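Colleague: Sequence and predicted structure are below.
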Amino acid sequence: MTEPTIAAKKPAVLTLEPGTYAWCTCGLSENQPFCNGSHQGTDFTPMTFELDEEKQVALCQCKYTENPPYCDGSHAKL
């Protein structure tokens, strides 16, 4: 598997608490947009990101963003 699976063609808009998160890069996680370990056996690894304060974010679910883990509208071109 060299290309990610498109989990959804829209971002996950969430309000997240301060902390460290693991964003799914493969698209296989059943806990989108977060990693659940489904990448095991692939070339993908989750991307960790940290928030210092509560924040509303739009996390990419198509996995083709140029600004991971955040949505940049790339899903509109798929």
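Modeller: Looks like it came in fine.
Colleague: use CA for all of it now, contacts and neighbours both
Modeller: Will do.
Colleague: which SS state does the residue lying farthest from the centre of the chain fall under?
Modeller: Largest separation from the mean C-alpha position in the chain: Glu53, at 19.1 Å (C-alpha atoms, centre = their mean). Following DSSP: H, G, I helix; E, B strand; the rest coil, we place Glu53 in the coil state.
Colleague: How about it, nearest residue that isn't a chain neighbour?
Modeller: In this structure, Glu53 finds its nearest non-sequential neighbour in Pro18, 4.7 Å apart by C-alpha to C-alpha, 6 or more residues apart in numbering.
Colleague: quick one, phi/psi of that neighbour?
Modeller: With angles defined as degrees, to the nearest 10, Pro18 sits at phi -60, psi 140.
Colleague: where along this protein do the strands fall?
Modeller: 12-16, 19-23, 47-51, 55-59 (DSSP state E).
Colleague: Local confidence estimate at Gly73?
Modeller: pLDDT recorded at Gly73 is 97.
Colleague: quick revisit: which residues are in contact with the residue nearest to Glu53?
Modeller: 50-55 (C-alpha atoms under 8 Å, 6 or more residues apart in numbering).
Colleague: My guess is Lys9 contacts Thr65. True?
Modeller: No. Between Lys9 and Thr65 there is no contact under C-alpha atoms under 8 Å: 11.1 Å.
Colleague: shared neighbours of the two, anything?
Modeller: By the contact definition C-alpha under 8 Å, 6+ apart, Lys9 and Thr65 are jointly contacted by His75.
Colleague: separation between the nearest residue to Ser74 once chain neighbours are set aside and Ala7?
Modeller: Closest residue to Ser74 apart from its sequence neighbours, by C-alpha to C-alpha, 6+ apart: Thr65 at 5.5 Å. Computed as C-alpha to C-alpha, to the nearest Å, the Thr65 to Ala7 distance reads 13 Å.
Colleague: again, but for Thr15
Modeller: For Thr15, the distance to Ala7 equals 20 Å [C-alpha to C-alpha].
Colleague: Which one's more surrounded, the two?
Modeller: Per other C-alpha atoms under 10 Å, whichever of Thr15 and Ala7 has more neighbours is Ala7, with 20 against 11.
Colleague: which ones are touching the more buried one?
Modeller: 27-28, 32, 61-63.
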